[in-house]
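**Q** Requesting a structural model of the entry that follows:
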Amino acid sequence: MNARTNAPDRVEVNEQGEKVTTFSLKRACNGCGQLVGDVDNRDVDERGNLTDVRGECDHCRPLVELEAAGCRTWEVTPRSINRVDDELDRLDVYAKGYWQEVDGKLQVVGLRVGTGETRVVARFGDWLIAHPNGKFTVHKAPEAVR
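**A** A predicted model of the protein is given here:
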């Protein structure tokens with residue numbers, strides 16, 4: 001895949017003496033939201049849907065590689081936590097909300113998966129990874145997302 005350009009904004013003064021800023025529309029990773037570069041023809045498929053650019057993102061590329069190797073991945077968010085928990089229940093994997101005090105109040109901040117020493121905690125924004133051998137790991141969200 002060709003490297004994506006990342007054109008900086010250009011500020012010029014036009015013939016009337018007005019300051020004009022020219023910028024390129026940027027594409028964000030559909031996994032973590034970090035910018036990957038300028039929008040181009042690769043970003044929309046033949047049906048007009050946005051394409052998956054996680055493989056172009058330094059943070060999300062490892063997830064794409066894990067999925068290609070047979071792993072299941074889920075992003076744990078306040079909106080997805082119940083669906084992820086339900087899917088883990090169907091896999092007969094113990095999971096429950098992970099609680100922590102935030103601003104003086106106890107609230108769910110992620111998902112605890114497994115028991116004992118093999119237990120992992122995926123906080124909101126993190127990706128939970130189920131490996132083919134039954135092991136679970138967590139791919140932490142970038143600091144900008146936390």
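**Q** could you list every residue that touches residue 25?
**A** 38-39 (Cβ atoms under 8 Å, 6 or more residues apart in numbering). C-beta coordinates here come from the backbone N, C-alpha and C atoms, glycine included.
**Q** That one and residue 3, how far apart?
**A** Applying Cβ to Cβ, to the nearest Å, the value for residue 25 to residue 3 is 17 Å.
**Q** How about residue 110?
**A** Residue 110 is 35 Å from residue 3, by Cβ to Cβ.
**Q** Show me which of the two is the more surrounded one.
**A** residue 110 (22 against 7; other Cβ atoms under 10 Å).
**Q** Which residue, other than its chain neighbours, is closest to the more buried one?
**A** residue 123 (3.7 Å; Cβ to Cβ, 6 or more residues apart in numbering).
**Q** residue boundaries of the helices in this protein?
**A** Secondary structure of the chain (DSSP state H): helices located at 61-68, 81-90.
**Q** With mean pLDDT, distance to residue 43 and mean neighbour count as new columns, can those helices be given to me in JSON lines?
**A** Shown next, in JSON lines, are the helices of the chain (pLDDT from 0 to 100; distance: least, Cβ to Cβ, whole Å; neighbours: other Cβ atoms under 10 Å):
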{"stretch": "helix 61-68", "mean pLDDT": "95", "distance to residue 43": "16", "mean neighbour count": "15"}
{"stretch": "helix 81-90", "mean pLDDT": "97", "distance to residue 43": "27", "mean neighbour count": "14"}
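**Q** Could you export these as CSV, including distance to residue 140?
**A** Converted to CSV, the helices of the chain look like this (distance: least, Cβ to Cβ, whole Å):
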stretch, distance to residue 140
helix 61-68, 11
helix 81-90, 16
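**Q** now for those, which one comes closest to residue 101?
**A** Between residue 101 and these, the shortest gap by Cβ to Cβ is with helix 81-90, which sits at 18.3 Å.
**Q** elements contacting the closest one?
**A** Under the contact definition 3 or more Cβ pairs under 8 Å, 6 or more residues apart in numbering; DSSP states H and E, helix 81-90 sits against strand 95-102, strand 105-113.
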